[in-house]
Every structure is written in C-alpha cells, then in structure tokens.
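Colleague: Quick check, what structure comes out for this input:
(one chain, ligands or ions: 1)
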Amino acid sequence: MLGADLWQRGCERLAAELPEQQFNTWIRPLPPATVADGGAGDGLVISLRVPNRFKLDWIRNQYAGRIEAILSELAGKPAKLDLALAAREPLTRVAAAPASQPIAVGQVLHNGLRPVAAAPAATPAAISAPPAEPALAQLPPSASRHRINPALTFDTLVPGRANQMARTAALHVAGAPGAMYNPLFIYGGVGLGKTHLIHAVGNALLKDKPDARVLYLHAEQFISDVVKNYQRKTFDELKAKYHSLDLLLIDDVQFFAGKDRTQEEFFNAFEALLAKRAHIIMTSDTYPKGLVDIDERLTSRFDAGLTVAIEPPELEMRVAILIKKAEAEQTPMPEDVAFFIAKNVRANVRELEGALRKVLAYSRFSHKEINIQLAREALKDLLSIQNRQVSVENIQKTVADFYKIKIADMYSKKRPASIARPRQIAMYLAKEMTQKSLPEIGELFGGRDHTTVLHAVRKIGGERQKNTELNQQLHVLEQTLKG
Ligand SMILES: Nc1ncnc2c1ncn2[C@@H]1O[C@H](COP(=O)(O)OP(=O)(O)OP(=O)(O)O)[C@@H](O)[C@H]1O
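Modeller: Below is the predicted model of the structure:
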C-alpha cells in the first residue's frame, strides 16, 4: 500500500473510532504523513509533521500509540511514528525580531526525526528587560496599574476535563511567556472561567517577576481608552501604554466588533507586542473565525498562536468546584449536598457559585446544618423553575424542532441515524431534566423498552463529555427548555 493510502486508511479507522469532535480537532487538520520503509525487519517509519508544540504533545500523549497500532495492522508490519514540528513560513511580524529568534510557533526539524523547541523560551531578562521606548516609564509596574485580581490564581481554579487544555496552555505561558502559544486565544461560553484563567497567568508571572509589565483589561476598557485618546489626540500615550507591556491579558475581544478605529489600534499594539516577544492572551465567546465584524487581518492573527476552548464543566468538576469554594468560605460542604447542587445547576460556574452562596446564606441565617433538605429549600425557586417547565412532551417537541424532524418520529420505529440520534438525545434530556423513570420514558417514546432508554442516556451522556458540538447543542436545548 502506498504511503498516502496507508495514512488515508488509518485516518478512516481513527474517524470511526474517535468521537467526531476529537477527530476533527486533532487528526483531520494534519497534513498527510509520509511513509518510509526502513528495509527488511525494520518496519515502516511514519513521519507526521504537526503545526505547534501543544498539538505535538497532545497527539503524542493521546493518540500516538493508537495510530501506530492501526497503521501496523493495516500495513502488516510494525509502523513507528516519527512526530515532529512542521516547518512554517515565518509571519511578517517576525521581521521585527532578531533573525535567530523566530517568534512564531512552528519551524524546526534539524534531522527530520527529532523536533527542537519552536521558539526559545523567554529568558528572565526578556521579561524584566528595560523598556525599549522612553515612553515605557509612563507605566510603572505597580499592582494598582496591572488590574490583576490576586484572588484569581491557578490554586483557586479547579482543574477538570472542561478546562484541561486551556489550563495547560496557560500554565505554560505563565512559565515561559513570550515563547510558545503566542497569542493564546481562549474561548468559551459565559461564566466558564476564562477571566479567572487569564488573571491566574498574570498572578503567576507577577509572583515570579514582580517587575513584569502586566496588564489585564476588558476589551471595553481598551475601546474607551482608544476613544479617549482619539478625542484628545494623544495617540502616543496610548501607544506608550500598550506597546510597552510584557504580558497583555485582554478579555472578551468579541466586543471589538464593528469598532474600526479600536481594531486598528489593537492591531498596532498586537504587532508591536509580538515583535518584542511580549505575550498576548485573549478571551472571547467564540473562536477567532467565528468572530463577526472584526477585520480578518486581526482574526487570522488571533489564530496564529494557539486557540483553545473552555467547555462547561462536567458533573464531577462541578462537585469539586462547590467543595473547594465552600472550603474557601470555611464551611465544609458534604459531598452528597455538593452532588445535589451540581446535578441541578449545570449551566456554568457563575451560576454554581450563585447557588452555593444561597445555600451557605440559608444555613447561616437559619442556623441549620447543610444537608440536602436545606439545599432543596434554599434553591427551591431555581428547582421549581426547572421542574415546572420541563415535560417529556416539551422535550420531544423542542428536540424535533431543533433537528428538523417530525414529532411523530419520536415515537416511530424508524431507525435512520438522522431520526434515531435526535430521539436518543430527547431520551437523554428526558432522563436528565425530568423526574421520570426509564420505563416511563420508554413508554412515552412509543412503548420502548427501558434498556433502550438506558442505552441512549449512557451513549449521549458519554459523547457529551468528548464532543464539543454535541455538548453545545445540548446546552442550547437545555437553555431553551428551561425557558
Ligand atoms: N474551574 C474553576 N474553578 C474555580 N472557580 C471557577 C472555575 N471556573 C470558573 N470559576 C469561577 O466562576 C466565576 C465565573 O468565571 P469567569 O468570570 O472567569 O468566567 P468567564 O468565562 O470569563 O465568563 P464571561 O464570559 O461571562 O466573562 C468566577 O468567579 C470564577 O472564579
């Protein structure tokens, strides 16, 4: 089998095995591998070039073994994977950096087999280096100026599958700013910890290097700075403020939509910062290409480092967050109560915090100890809203509308995936959002057996953990159903 065929067939196998989201994120974008026959007894060497180190590490840890096994099986002889960073065109902005220090992630294969670091890590001097422009003196590195919230650290951020990639990348940046993953672009829905994470990077860096010039700001603050300086015609001040930083943390860049002048100034700051190897971390409610009314010149640069998502936390993570936050309030939270709250409050961490606050306050005011009964009372408004609005019929109708199938298909015996899958999703939601038992749900879905419902619940629940697209669809459905 030719190399390209072998890789192609390997990909087909992986596509069938892996959740769609994982395959689309990690495997599909890879350029085809090249295959070399090491000669009798040596087997095949499969050379795979990966665009950045983050992906390289991830693929090596998560998929390399499986890829080798599949390719060995298909080729009928041992296949060894040679993973390395792909060479990449330097970006135009690199021109401003010394030629020996490429700023872009990528580049570098020195012997075709072993990768070397994409860009040298920033030295301590790079972080606390004296300002390159005289105007830098206008930004004293004092705590009040950097706007970092000292409470939002890596220690107080509960890790979990939902934030695993973003947290790993953020830790990496905090340890070696200006090197890899620059810019780092973190996106996700509301209240999922994006702001917390970028403050954590700022705090970690300031702990290491108290003199580092770090600035956190919300995109709206940048916009108002631009407007202010525009009115006063003091663009040099604006430049001096932003172009001098070592680390810029900017929240919710989707707010730049339609603001041309702001986008232009941000573009200038962006270029200046990357050219001097300062790090930029941005957050947004969507991935760079999903941003609307933002110049493509900017969005393509947003995507040039590393883009990672933060997902809604899964049940275990929600429980861990509740326990940790209660501990921080010096109020131990029994695990069963944390579980009860986490099961009922799923949207995001901010809502979880709100629910926890209610339960703690209720316990303090009523001088009662925290147990499920107390949590139920404290959260009764929230729970009644949930219970009142969601019926199996409502779920069937909403899901049928969402996936554009007939409501009758919810009860029918039809099996094509375009119908069976929405039906399974509706069964899953019925189990998650109503008090109905498996047999009752089966009955409401055209007299199906409870094992069919159980299968659907497990399947969709499992996939939801790995498949972002499905997770988002379920999230939309849940929000719609809750009203
Ligand atoms: N993994 C976590 N561990 C502990 N606390 C968390 C975690 N994720 C989020 N939080 C907390 O949840 C609250 C909301 O998080 P944050 O403000 O960072 O969300 P966000 O994603 O920036 O949302 P928005 O887009 O609405 O600004 C904060 O109080 C934050 O500390």
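Colleague: Please, which helix or strand holds the most centrally placed residue in the chain?
Modeller: Taking C-alpha atoms, centre = their mean, the centroid of the chain lies closest to Ala309, which sits 1.6 Å from it. Ala309 belongs to strand 306-310 when assigned by DSSP states H and E.
Colleague: contacting residues around the following helix or strand past that strand?
Modeller: Where DSSP H and E defines the elements, the next helix or strand beyond strand 306-310 is helix 315-328. Outside helix 315-328, the residues that touch it by C-beta atoms under 8 Å, 6 or more residues apart in numbering are 156, 158, 160-162, 313, 332-333, 335, 338-339, 341-343, 345-346, 349, 352-353, 356, 360. All C-beta atoms are positioned from the backbone trio N, CA, C, and that covers glycine.
Colleague: Who are the contact partners of the closest residue to Ser437 other than its chain neighbours?
Modeller: Excluding its sequence neighbours, the residue lying closest to Ser437 (C-beta to C-beta, 6 or more residues apart in numbering) is His450, at 7.7 Å. By C-beta under 8 Å, 6+ apart, the contact set of His450 is 437-439, 441-442.
Colleague: Contacts only, for the residue of the chain found nearest the ligand.
Modeller: Distance from the ligand to each residue of the chain (C-beta to the nearest ligand atom) is smallest for Gly193, at 2.6 Å. Contacts for Gly193 (C-beta under 8 Å, 6+ apart) come out as 157, 163, 310, 349.
Colleague: coming back round to it: the residue nearest to the centre of the chain and Asn163 touch, don't they?
Modeller: No: between Ala309 and Asn163 there is no contact under C-beta atoms under 8 Å: 9.2 Å.
Colleague: Export the contacts of His450 to CSV and append columns for secondary structure.
Modeller: Formatted as CSV, the contacts of His450 follow (DSSP: H, G, I helix; E, B strand; the rest coil):
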residue, secondary structure
Ser437, coil
Leu438, helix
Pro439, helix
Ile441, helix
Gly442, helix
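Colleague: so can I have JSON lines of those residues showing pLDDT, distance to the ligand and neighbour count?
Modeller: JSON lines is the format used below for these (pLDDT from 0 to 100; distance: C-beta to the nearest ligand atom, whole Å; neighbours: other C-beta atoms under 10 Å):
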{"residue": "Ser437", "pLDDT": "88", "distance to the ligand": "33", "neighbour count": "12"}
{"residue": "Leu438", "pLDDT": "91", "distance to the ligand": "32", "neighbour count": "19"}
{"residue": "Pro439", "pLDDT": "91", "distance to the ligand": "37", "neighbour count": "13"}
{"residue": "Ile441", "pLDDT": "94", "distance to the ligand": "32", "neighbour count": "25"}
{"residue": "Gly442", "pLDDT": "95", "distance to the ligand": "36", "neighbour count": "21"}
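Colleague: still on that earlier bit, tell me, which of the contacts of Gly193 make contact with the ligand?
Modeller: 157, 163, 349 (C-beta under 6 Å from any ligand atom).
Colleague: Tell me the one of those nearest Ala212?
Modeller: Leu157 (20.1 Å; C-beta to C-beta).
Colleague: in stretch 273-293, what's buried?
Modeller: 273-285, 287-288, 291 (16 or more other C-beta atoms under 10 Å).
Colleague: And for stretch 222-234?
Modeller: So for stretch 222-234, counting by 16+ other C-beta under 10 Å, buried means 222-223, 225-226, 229.
Colleague: Could you do stretch 319-333 as well?
Modeller: So stretch 319-333, judged by 16+ other C-beta under 10 Å, has buried residues 319-323, 325-326, 333.
Colleague: Now look at that stretch and say if it contacts the ligand.
Modeller: Yes: applying C-beta under 6 Å from any ligand atom, one finds stretch 319-333 in contact with the ligand at Ile321.
Colleague: Pull the distance from that stretch to the chain's centre.
Modeller: Its chain's average C-alpha position is 24 Å from that of stretch 319-333, according to C-alpha atoms, centre = their mean, to the nearest Å.
Colleague: Same question for stretch 338-357.
Modeller: Worked out by C-alpha atoms, centre = their mean, stretch 338-357 lies 20 Å from the chain centre.
Colleague: Kindly report the same for stretch 253-270.
Modeller: Centroid separation for stretch 253-270 versus its chain: 23 Å, with C-alpha atoms, centre = their mean.
Colleague: list the buried ones in it?
Modeller: Quick answer for stretch 253-270 (16+ other C-beta under 10 Å): 253-256, 259, 262-263, 265-266, 269-270.
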